[in-house]
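In: Model the following, please.
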Amino acid sequence: MSTTELADRLGVSQSGVPDVENSELSYTIKLETLQRVAHALDCELVYFLVPRTGLDAAVRRQAERKAAQHLSSVAHQSRLEDQAVTDDDTTAQLDELATRFIDHRGLWSEKGS
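Out: Got it, this is the predicted structure:
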């Protein structure tokens with residue numbers, strides 16, 4: 001399809017087509033404009049996010065992150081009181097706390113545990 005034909009279908013001047021193309025290339029195109037282009041090309045616009053990992057893995061990673069944050073303050077206090085725990089104990093505590101956090105409201109909150 002020529003730029004003249006596409007411009008006609010979009011209801012813009014021929015010089016407006018490169019503007020649309022450039023906004024797409026620079027990631028500044030509006031969804032509304034992209035929808036108009038899809039309609040002009042007799043296409044369906046499909047807009048979605050694809051997770052990088054599965055849901056279970058994402059939840060577990062977040063729970064472990066929150067558990068590590070929580071335990072780091074406890075570990076610091078324990079060291080100050082000369083009551084530090086072994087690495088194996090720390091790992092077990094981290095795993096147990098992360099497992100409890102998985103079903104805990106506020107898992108994705110950046111505020112305190």
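
In: separation between the residue nearest to residue 10 when sequence neighbours are not counted and residue 55?
Out: Of all residues not flanking residue 10 in the chain, residue 40 sits nearest, at 5.0 Å (C-beta to C-beta, 6 or more residues apart in numbering). C-beta: built from backbone N, CA, C; applies to glycine. Distance, residue 40 to residue 55, by C-beta to C-beta, to the nearest Å: 37 Å.

In: neighbour-wise, which of these two wins?
Out: residue 40 (18 against 8; other C-beta atoms under 10 Å).

In: Using PDB, write out every CA atom in the helix or strand where residue 4 lies.
Out: Assigned by DSSP states H and E, residue 4 falls within helix 3-10. In PDB, the C-alpha atoms belonging to helix 3-10 read as follows (Å, rounded to 0.1, in the frame of the first residue of the first chain):
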ATOM      1  CA  THR A   3       1.700   6.200   1.600                       C
ATOM      2  CA  THR A   4      -1.000   8.100  -0.400                       C
ATOM      3  CA  GLU A   5      -3.400   5.200   0.000                       C
ATOM      4  CA  LEU A   6      -2.600   4.800   3.700                       C
ATOM      5  CA  ALA A   7      -2.900   8.500   4.300                       C
ATOM      6  CA  ASP A   8      -6.300   8.500   2.700                       C
ATOM      7  CA  ARG A   9      -7.400   5.600   4.900                       C
ATOM      8  CA  LEU A  10      -6.100   7.300   8.000                       C
END
